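**Student:** Compute the structure for the input listed below.
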Amino acid sequence: MVALIVGLLFLVFGVIAVLPSLLGWGPEVILFIKGMAPCLAFFLGVIAVFIGIADIKDRNEAKREEAEALKAQEDKKE
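**Tutor:** Residues are numbered from 1 along each chain as shown. The predicted model follows:
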């Protein structure tokens, strides 16, 4: 419950900080977003590559296990 209240307070502060009539931080927030966008895109790209590599490894391992299971079934039949 405390985390929900703190989260809502941060959301309210974020909205107040961007409104031009209250704190006037709008231009600085836009500047921060412009500066952070390339860094965020790079970080998300690195994460996507790692997830893709892990997915390929998992698929290969599943194929190998399936082949081993089929081979074990064939050995039992003989």
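
**Student:** so where do the helices sit in this structure?
**Tutor:** 2-18, 26-77 (DSSP state H).

**Student:** Including mean neighbour count and mean pLDDT, could those helices go into CSV?
**Tutor:** For glycine as for every other residue, the C-beta is placed from the backbone atoms N, C-alpha and C. Listed next are those as CSV, based on neighbours: other C-beta atoms under 10 Å; pLDDT from 0 to 100:
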stretch, mean neighbour count, mean pLDDT
helix 2-18, 10, 91
helix 26-77, 10, 91
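
**Student:** Dump stretch 67-75 to PDB, restricted to CA.
**Tutor:** The C-alpha trace of stretch 67-75 is given here as PDB (Å, rounded to 0.1, in the frame of the first residue of the first chain):
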ATOM      1  CA  ALA A  67      15.900 -35.800 -31.100                       C
ATOM      2  CA  GLU A  68      17.300 -37.600 -28.100                       C
ATOM      3  CA  ALA A  69      13.800 -38.500 -26.900                       C
ATOM      4  CA  LEU A  70      12.900 -39.900 -30.400                       C
ATOM      5  CA  LYS A  71      16.200 -41.900 -30.400                       C
ATOM      6  CA  ALA A  72      15.400 -43.200 -26.900                       C
ATOM      7  CA  GLN A  73      11.900 -44.300 -28.100                       C
ATOM      8  CA  GLU A  74      13.400 -46.100 -31.100                       C
ATOM      9  CA  ASP A  75      15.900 -47.900 -28.900                       C
END
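
**Student:** so how far is Ala48 from Ala3?
**Tutor:** The gap separating Ala3 from Ala48 is 29 Å, by C-beta to C-beta, to the nearest Å.

**Student:** Gly14 now?
**Tutor:** 27 Å.

**Student:** One more: Pro27?
**Tutor:** Pro27 sits 32 Å away from Ala48, going by C-beta to C-beta.

**Student:** Ramachandran angles for Leu22?
**Tutor:** phi -90, psi -70 (degrees, to the nearest 10).

**Student:** Pretty sure Ile16 is one of the things it touches, is it not?
**Tutor:** Yes. Leu22 lies in contact with Ile16 (C-beta atoms under 8 Å); the separation is 5.2 Å.
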